[in-house]
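> the following block contains a protein sequence and its predicted model.
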Amino acid sequence: MKRISLLFIAMALLALLVGAMFGVLAGIQYIFPEFLKETIAFNKMRPFHVSTVVGWIILCATGGIYYYLQEVLNTTLYSSKLLKTHFIIFVVCAIAVYISFATGKMGGREYMEYFPLITLPILIGWILFGINYFKTTLKQIQNWPVYLWMWGTGIVFMTYHFTEAHFWLIPYFRENFIKDFAVQWKSYGSFVGSWNMLVYGTSVFLMAKVKGNESVACGKKAFFFYFLGLFNLMLGWAHHSYIVPTVPWIRYLAYGVSMTEWIIFFSILRDWKKMLSADEKIKNNLSYQFLVSTEFWVCINLFIALLISIPYINYYTHGTHITVLHSMGTTIGINTSILLASVIFIVNRAMPQVTEQFKKQILSGFWILNISLLVFLCSLLWSGIKRSIWMYFSENPVPFGSMQEDLQSVMYVFLLSGLGILTGLLFIAFPLLKRGILPLTKK
Ligand code: HEM
C-alpha cells in the first residue's frame, strides 16, 4: 500500500510544477494583460495557480503521512481500501476542479473558486483519511510523539475548517454581511493553520529521523509548541478580519498567540541544528539543507507577519502585494522547503545511490530557488509599498494607469525571479519525480 502513498506524492510533485507554471503565466499577465486573455484570463489563471499549489502542499503532506506510517513507523494501515478510495476521490476532484475552471462553471469563494458541489467529495476524502489515521495509530502506537498529535489535529481541524469555509452556502450566514465575512475569513486563517499542523508535523518528524533520536519530538518544548500551534489555529486568524467590528482584546490575544508560534518554531529548529553532529549532517545532507533553509524564511516571514498583524499597518498593506508576499513567502519558503525535504528523505532512504547521482542538480536547484525567492519577495514588497503610498498618501491624485506604468520595471523583476523559482523547482522536483518517486511506485 506504500505504492498509493507514493502516488499521492507523485501527483503532488506534478501539481508543484504545473502550479508554478500557472504562476509564471499569471506573472506575464501582470505585464501584458492581453496575454492569453481569450483562453485563460487572469481571473481564471489565478485560481488555476493557487488551487494547484495548495494541492501540492496538501497532497504531499498527506502522501508523506501515509508513507511514514507504513514504512518508517512500521504500522499496518487499518484499511488499504480506504486509502485507495481516498486517492481515487482526490484524483477525480482534481480533474473536476480543472474542468470547473476551464469551463467557467465556478461559483465558489476566493481561494476555493471551483463549483461548490466538489467540496462534498473532498470532505469525504478527509473523513476517510481521518478514520484510517486514527484507527491505525491509536491501536498500534503508544506514547505518541508530537508529530502524531500534530498530524491528527491537522486532519480533524482541516475537515472542520474546510466545511466552515463553505458555511456561506447556508442562508443564515450568507444573509448577514458581518457574520458571513467574519466566518469566511476566520475559516481561511484556521484552514491554513490546519495544513501547517500537517506540514510542521512533517518537519518535526524529519528532524527526529534525521537525528535518529526522538527527543526532539517528545520533549516539553515540542509539546509546548504543539499547544501554541493549536491556539494559533483557533485564535490567530484575527488579522484576516480587522475590519469586522469586534472587541479589541480578541484581536490582541490573536495577535500575541500568532507571533509566539513562529518564535517557538524557530527556536526548536535552532536547538536541533546545534544538536546535530557533523556526521549526521553529511549523511542526510540534502534534506538537512532544505530544512535549515526554512529557518531563514521563518525569520523573514516572522518579520513581515509581525508588521502586517499590527492593525495600523494592516490597514495600509491590506489589498496590496504585501499580502501576496506574506502568502507566497510562507507557502514557498517554509511549506514547500519542508515538503521537498520530506520527498528527498523518502527517495534517499529507499534509493540512496540514486539521490547521490542527482545531488548536484538538486543543490543547484536549491540555490536557484532560494535566491530567486528572495528577489521575488523584494519585488512584491517594493510594489506593495508603492501601491500603498499611491492609495493613501499621494497628495495630487495620480491616475491608476500612471502608477501601474511606474511599477512596470518592478513587475519585470517579479516575472524574471518567478521564472527563477520555476527553474529551481524543475531542477529539484523533476529528477525526484522521474528517477525517485515514479520508479519507487513500480517496486
Ligand atoms: C511553489 C510555488 C508557489 C506557491 C506555493 C505559490 C503560492 C501562491 C499563493 C498562496 C497565492 C495567493 C496569494 C494571495 O492571495 O494572498 C499566489 C498568487 C500568485 N502567484 Fe504564486 N506561488 C508559487 C509560485 C509562483 C511563481 C513561480 C509565480 C511567477 C511569477 C507566481 C505568481 C503568482 C501571481 C501572479 C499570483 C497572483 C497574485 C495576485 O492576486 O495579484 N507564483 N501564489
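Good, I have the coordinates.
> and the next helix or strand past the lowest-mean-pLDDT helix or strand in the chain?
The least trusted helix or strand in the chain, going by mean pLDDT, DSSP states H and E, turns out to be helix 278-283, with a mean of 59. Scanning forward in sequence from helix 278-283 by DSSP states H and E, the next helix or strand is helix 285-308.
> hmm, that following helix in reach of the ligand?
No - counting by C-beta under 6 Å from any ligand atom, the ligand is not contacted by helix 285-308; separation bottoms out at 11.3 Å. (Glycine included, C-beta is placed from N, CA and C.)
> could I get the buried residue list for the next helix or strand after that helix?
Under the assignment DSSP H and E, the closest C-terminal helix or strand after helix 285-308 is helix 311-317. Using 16 or more other C-beta atoms under 10 Å as the test for burial, helix 311-317 gives 314, 316-317.
> then stretch 414-433?
Quick answer for stretch 414-433 (16+ other C-beta under 10 Å): 414-415, 417-433.
> of the residues you listed, list those near the ligand.
By C-beta under 6 Å from any ligand atom, the members of these lying near the ligand are 415, 418, 421-422.
> among these, which one sits closest to the ligand?
Nearest to the ligand, judged by C-beta to the nearest ligand atom, of these is residue 418 at 2.3 Å.
> so that closest one, which of the three states?
Here residue 418 is recorded as helix under DSSP: H, G, I helix; E, B strand; the rest coil.
> my guess is it meets residue 375, correct?
No - with contact defined as C-beta atoms under 8 Å, residue 418 does not count as touching residue 375 (9.5 Å).
> tell me how far stretch 175-183 is from the chain's mean position?
Chain-centre distance of stretch 175-183: 26 Å, with C-alpha atoms, centre = their mean, to the nearest Å.
> buried residues in it?
180-183.
> can you redo those as JSON lines with secondary structure, distance to the ligand and pLDDT?
Below are the buried residues of stretch 175-183 laid out as JSON lines (DSSP: H, G, I helix; E, B strand; the rest coil; distance: C-beta to the nearest ligand atom, whole Å; pLDDT from 0 to 100):
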{"residue": "180", "secondary structure": "helix", "distance to the ligand": "19", "pLDDT": "90"}
{"residue": "181", "secondary structure": "helix", "distance to the ligand": "16", "pLDDT": "85"}
{"residue": "182", "secondary structure": "helix", "distance to the ligand": "19", "pLDDT": "83"}
{"residue": "183", "secondary structure": "helix", "distance to the ligand": "19", "pLDDT": "88"}
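> in CSV: the residues you listed, plus distance to residue 13.
Below are the buried residues of stretch 175-183 laid out as CSV (distance: C-beta to C-beta, whole Å):
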residue, distance to residue 13
180, 37
181, 36
182, 37
183, 34
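> closest one to residue 55 out of those residues, please.
residue 183 (24.0 Å; C-beta to C-beta).
> which residues touch the closest one?
164, 167-168, 173 (C-beta atoms under 8 Å, 6 or more residues apart in numbering).
> mind putting the residues you listed into CSV with neighbour count?
Below are the contacts of residue 183 laid out as CSV (neighbours: other C-beta atoms under 10 Å):
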residue, neighbour count
164, 18
167, 16
168, 20
173, 17
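> now, these that are in strands?
Members of those lying in strands (criterion: DSSP state E): none.
> how far does stretch 20-35 sit from the chain's center?
With C-alpha atoms, centre = their mean as the basis, stretch 20-35 stands 21 Å off its chain's centre.
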